[in-house]
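Participant: Here's my sequence, what's the structure:
(2 chains)
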Amino acid sequence: GAGVSQSPSNKVTEKGKDVELRCDPISGHTALYWYRQSLGQGLEFLIYFQGNSAPDKSGLPSDRFSAERTGGSVSTLTIQRTQQEDSAVYLCASSLAPVSGNTIYFGEGSWLTVV
Amino acid sequence: QKEVEQNSGPLSVPEGAIASLNCTYSDRGSQSFFWYRQYSGKSPELIMSIYSNGDKEDGRFTAQLNKASQYVSLLIRDSQPSDSATYLCAVKPAGNYGQNFVFGPGTRLSVLP
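Facilitator: Model (predicted):
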């Protein structure tokens, strides 16, 4: 596609429910990133995928968070047993192979509100 | 821990003035540096990238990089109210973190008409 596509754009869920957020990267981009941004805060790295390599999960805040990337393209971020502190915008980004010089492009984000 | 630091602001400048945004980073081996602009409620968008010491100009924007001082800045000339946004500095560290872009907390810029 022309840009990074994320869905849903907005999600309100009850505390304790599971949510899935989807990201469709720019066509041809092998690297995919998930970031989280709480209101008024900076970007918090969550997870990174590059091709068929094992993902870098070092930013996932707890074992309630997981992500997968099928076929090297679409990625799904899953949050189990959501908590109110999970409320944030979840930003997906993609780039060409992560060599120096390749920058990342963001989707519009999925705004998650846990009530 | 790879760190990128920015003054959170807000930085207020009058319309037409030069806005100067600064960023320091901890990983001396970093090679790629980026400035993103983020309007309230929107996702970050790339403004500039810089890889070599010195200045890089693009329209009203100039990025400056000094690797010896581990410092990168963004100058906005003839600032406009539409430039009011949060500016994020991003650094691509070397080494095992080479895959990850590390973002600073952002500087909020307000251009006053």
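Participant: what sits opposite the nearest residue to A:D86 once chain neighbours are set aside in the beta ladder?
Facilitator: In space, A:D86 comes closest to A:V114 once its chain neighbours are excluded; the distance is 5.2 Å by Cβ to Cβ, 6 or more residues apart in numbering or on different chains. Where you see a C-beta, it was placed from the backbone N, CA and C, and this is true even at glycine. Under DSSP bridges, the beta-bridge partners of A:V114 are A:T13.
Participant: give the contact list for A:V114.
Facilitator: Applying Cβ atoms under 8 Å, 6 or more residues apart in numbering or on different chains, one finds that A:V114 lies in contact with A:V12, A:T13, A:E14, A:K15, A:T82, A:Q83, A:Q84, A:E85, A:D86, A:S87.
Participant: now do A:Q37
Facilitator: A:L43, A:E44, A:A88, A:V89, A:Y90, A:L91, A:G109.
Participant: what's the answer for B:Q70, then?
Facilitator: Per Cβ under 8 Å, 6+ apart, neighbours of B:Q70: B:T24, B:Y25, B:S26, B:R28, B:S30.
Participant: Output the lowest mean pLDDT helix or strand found in the chain.
Facilitator: You didn't say which chain, so I picked chain A. Lowest on mean pLDDT, DSSP states H and E among the helices and strands of chain A sits strand A:43-50, with a mean of 90.
Participant: Chain B was what I was after
Facilitator: strand B:102-103 (a mean of 87).
Participant: Quick check: what element follows that one along the chain?
Facilitator: strand B:107-112 (DSSP states H and E).
Participant: on that earlier part again, how far away is the residue nearest to A:D86 from chain B?
Facilitator: A:V114 sits at a distance of 19 Å from chain B (criterion: Cβ to the nearest Cβ, to the nearest Å).
Participant: Buried residues of stretch A:87-98, list them for me.
Facilitator: A:S87, A:A88, A:V89, A:Y90, A:L91, A:C92, A:A93, A:S94, A:S95, A:P98 (16 or more other Cβ atoms under 10 Å in any protein chain shown).
Participant: quick one, phi/psi of residue 40?
Facilitator: You didn't say which chain, so I picked chain A. phi 70, psi 10 (degrees, to the nearest 10).
Participant: try chain B instead
Facilitator: According to degrees, to the nearest 10, B:S40 has phi -60, psi 130.
Participant: since we're on it, how many residues are nearby?
Facilitator: 9 (other Cβ atoms under 10 Å in any protein chain shown).
Participant: Report the contact partners of it.
Facilitator: B:A85, B:T86.
Participant: redo that, cut-off 7 Å
Facilitator: With contacts defined as Cβ atoms under 7 Å, 6 or more residues apart in numbering or on different chains, B:S40 has no neighbours.
Participant: any idea how far it lies from A:G3?
Facilitator: 20 Å (Cβ to Cβ, to the nearest Å).
Participant: what does chain A put close to chain B?
Facilitator: A:42-43, A:45, A:48, A:50, A:56, A:91, A:98, A:100-101, A:103-109 (Cβ under 7 Å from any Cβ of the partner chain).
Participant: Quick one: residues contacting A:K11.
Facilitator: Contacts of A:K11 by Cβ under 7 Å, 6+ apart are A:V19, A:S110, A:L112.
Participant: gap between the second one and A:L91?
Facilitator: For A:S110, the distance to A:L91 under the criterion Cβ to Cβ works out to 8 Å.
Participant: Sweet, I'm off.
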